[in-house]
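# Okay, sequence plus prediction incoming.
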Amino acid sequence: MDSRIWESVDHLVAWLDEQSTQSPQEERLLRILKLSEEVGEVGAAVIGATGQNPRKGVTHTWEDVQHELCDVIFSALVALRTLTPDAARVFAERLAYVEQRSADFRRPAEAPQAAEGV
């Protein structure tokens, strides 16, 4: 991940820490809970983009959905950085693990060997 992203996350966390009136423990929990709020906003944007609420009709665009997804990502990165100062390493290691796991899954299984004489 681009190091500029982590620099931005560090700045956001520092700014949020400066503005906080909560204890560090409460702040940590609230930043994790913020993810639920943001995911809910993604859901609302999808419902709005598809017009699934007949009372409201189409209220959002797919660009709105993209923006809300970015907000989920920002919130997750801030929460991760709040949990550990080594967030970039934790993220990189987890990404490598997921990439390897998906590569193993995508690799075609070897065909079983046919039994002799069958």
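Happy to help now that I have it.

# Return the per-residue confidence for the residue nearest to the spatial centre of the chain.
In the chain, the C-alpha nearest the mean C-alpha coordinate belongs to residue 73, at 4.1 Å (CA atoms, centre = their mean). Among the per-residue scores, residue 73 shows a pLDDT of 98.

# Return the list of helices and strands in contact with the longest helix seen in the chain.
If you go by DSSP state H, the chain has its longest helix at helix 24-50. When contacts are defined as 3 or more CB pairs under 8 Å, 6 or more residues apart in numbering; DSSP states H and E, helix 24-50 packs onto helix 3-19, helix 62-83. For every residue, glycine as well, the C-beta is placed using N, CA and C.

# So which of those helices is the most surrounded?
When the helices and strands packed on helix 24-50 are scored by mean count of other CB atoms under 10 Å, the highest mean neighbour count falls to helix 62-83 (a mean of 17).

# Could I get the helices and strands packed on helix 24-50 in TSV, plus columns for distance to residue 43?
Below are the helices and strands packed on helix 24-50 laid out as TSV (distance: least, CB to CB, whole Å):
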stretch	distance to residue 43
helix 3-19	24
helix 62-83	9
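
# can you tell which of those is closest to residue 28?
helix 62-83 (5.4 Å; CB to CB).

# related to what we said a few turns ago, tell me what angle the longest helix of the chain forms with helix 62-83.
With axes from the mean of the first three to the mean of the last three CA atoms, to 10 degrees defining the directions, helix 24-50 sits at 170 degrees from helix 62-83.

# Which of the residues in helix 24-50 are classified as buried?
Neighbour counts over helix 24-50 (16 or more other CB atoms under 10 Å) mark 27, 31-32, 34-35, 38-39, 41-42, 44-49 as buried.

# just how off-centre is that helix within its chain?
Helix 24-50 has its C-alpha centroid displaced from the chain centroid by 11 Å (CA atoms, centre = their mean, to the nearest Å).
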